[in-house]
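*Asks:* Sequence and predicted structure, then a few things I'm wondering about:
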Amino acid sequence: MIRLAWPDVGPEEAAAAAEVLEGGQLTMGEKVAELEGELASACGVEYAVAVSSGTAALHLAVLALGIGEGDEVLVPAYTFPATANVVALAGARPVLVDVDPKTMNLDAGRVYDGVTPNTRAVLAVHLFGRPLDWEELQNAVPPDVHLVEDAAGALGARWRGMPCGGLGELGCLSFHPRKIVSTGEGGAVTTQNGELADSIRRLRHHGISTDGEFDIPQPGFNYRLSDVLCAIGLVQLRRLEDLWEARHRLAKAYTARLETIVETPGAAKGDRHGWQAYVVQLDRRDQALAALREAGIEAQIGTYAVHRLSAYADQGPFPGADACYERALALPFHSRLTEGDLDRVAEVLDKVVSE
């Protein structure tokens, strides 16, 4: 079996977790603040707030901006559903916007068309680690519309030399096992705005205010990230460039084998792909997926066309999202893959395409 994903963790991560366990401070300790400081530096911002998942990061970002009933937030029609779910959970309306079927990211022209007087924000996804054209997005919306990065898969990616996760008013990261830096589960919100950072810190800790006497000005959640997971994340984050280089080499090796068989991924000139996943596109995607699995190779669809889900079926059509949903295929992508593994994947895909 060739696995779809395998986190690049080892003895250093285990030792870091053991050190926290031995110290007895398992949550809200120094490792949380340490990870936050290094994340802020990696994303080129002043503040980072660690939370329990990438979804929690998105949820708190929306709430910290005061978005709620009567508001609209523009969301890609092709993305993991959490991006739309957090808007609905805040009481606002997620307005789906079509994507460019080539890049699989938001189509800026469609964003422009989707803005209404009720639009408060855009949740802009760097899908699979490919940087979205941030200048095009900025030009597509009025200046009072908040731009929030869903950079869940884009830690280490760069748009025109600037780190993803630091481009928007708020950035949201994920440390899920398929991400380049993993804590098992976890996430973070990044920002240059101290007031937003303070709001997110309160909301992740039940809404508790630390100024003066105990108080809860606004109800919050238990979205904290434990010191054990932060310790693992610190080791991972300090290896970010090495982890990215390994994924970059793997992506180049895949592309050398596949560029004449399927549509291979990449970034725009001057950008750096984050390589959260290696997602190709081909017309006979379902047949390819079945053939890979039959050959003992784990693979998966890229992600979801949100308007095809029951909760959001009142919106559409979105031909770009439909095309991506029907054609995108995520291949095995992790540091344990061998040259022989890549050859096996390529052979299966070549056979399907040639039939």
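*Replies:* That came through, no problem.
*Asks:* Break the protein down into its domains, please.
*Replies:* Using automatic domain parsing, the domain parsing of the chain gives 11-238, 240-354.
*Asks:* how about the ones you listed in TSV, adding mean neighbour count, distance to residue 1 and mean pLDDT?
*Replies:* (Glycine included, C-beta is placed from N, CA and C.) As requested, the domains of the chain are exported to TSV (neighbours: other Cβ atoms under 10 Å; distance: least, Cβ to Cβ, whole Å; pLDDT from 0 to 100):
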stretch	mean neighbour count	distance to residue 1	mean pLDDT
domain 11-238	21	17	97
domain 240-354	18	5	98
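*Asks:* Make CSV from these and add distance to residue 4 to it.
*Replies:* Below are the domains of the chain laid out as CSV (distance: least, Cβ to Cβ, whole Å):
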stretch, distance to residue 4
domain 11-238, 8
domain 240-354, 4
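*Asks:* Quick check: which of the ones you listed is nearest to residue 2?
*Replies:* Distance to residue 2, taken as Cβ to Cβ, is lowest for domain 240-354 among the domains of the chain, at 4.5 Å.
*Asks:* what's the offset of stretch 42-59 from the middle of its chain?
*Replies:* Averaging C-alpha positions (Cα atoms, centre = their mean, to the nearest Å) puts stretch 42-59 11 Å from its chain's average.
*Asks:* quick one, strands of this structure?
*Replies:* Under the criterion DSSP state E, strands of the chain are mapped to 47-51, 72-76, 93-97, 119-125, 146-150, 158-159, 162-163, 170-174, 187-191, 278-281, 300-301, 328-331.
*Asks:* so what does the first one touch, helix or strand wise?
*Replies:* The elements that strand 47-51 packs onto, with contact taken as 3 or more Cβ pairs under 8 Å, 6 or more residues apart in numbering; DSSP states H and E, are helix 30-43, helix 54-64, strand 187-191, helix 194-204.
*Asks:* follow-up on the earlier one: any idea which of the strands of the chain gets closest to residue 322?
*Replies:* The nearest among the strands of the chain, by Cβ to Cβ, is strand 328-331 at 11.1 Å.
*Asks:* picking up where we left off before, let's have the strands of the chain in a markdown table, adding distance to residue 27.
*Replies:* Formatted as a markdown table, the strands of the chain follow (distance: least, Cβ to Cβ, whole Å):
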| stretch | distance to residue 27 |
| --- | --- |
| strand 47-51 | 11 |
| strand 72-76 | 31 |
| strand 93-97 | 32 |
| strand 119-125 | 28 |
| strand 146-150 | 26 |
| strand 158-159 | 33 |
| strand 162-163 | 28 |
| strand 170-174 | 19 |
| strand 187-191 | 16 |
| strand 278-281 | 35 |
| strand 300-301 | 33 |
| strand 328-331 | 33 |
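*Asks:* Looking at the ones you listed, which is nearest to residue 317?
*Replies:* strand 93-97 (10.3 Å).
*Asks:* And the closest one, what does it pack against?
*Replies:* strand 72-76, helix 82-89, helix 108-114.
*Asks:* Extract the C-alpha set from the last one and format it as PDB.
*Replies:* This means helix 108-114. In PDB, the C-alpha atoms belonging to helix 108-114 read as follows (Å, rounded to 0.1, in the frame of the first residue of the first chain):
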ATOM      1  CA  ALA A 108     -11.400  37.700  -9.100                       C
ATOM      2  CA  GLY A 109     -13.900  38.800 -11.800                       C
ATOM      3  CA  ARG A 110     -16.500  36.700 -10.100                       C
ATOM      4  CA  VAL A 111     -15.600  38.200  -6.800                       C
ATOM      5  CA  TYR A 112     -16.200  41.600  -8.200                       C
ATOM      6  CA  ASP A 113     -19.600  40.500  -9.500                       C
ATOM      7  CA  GLY A 114     -20.500  38.900  -6.100                       C
END
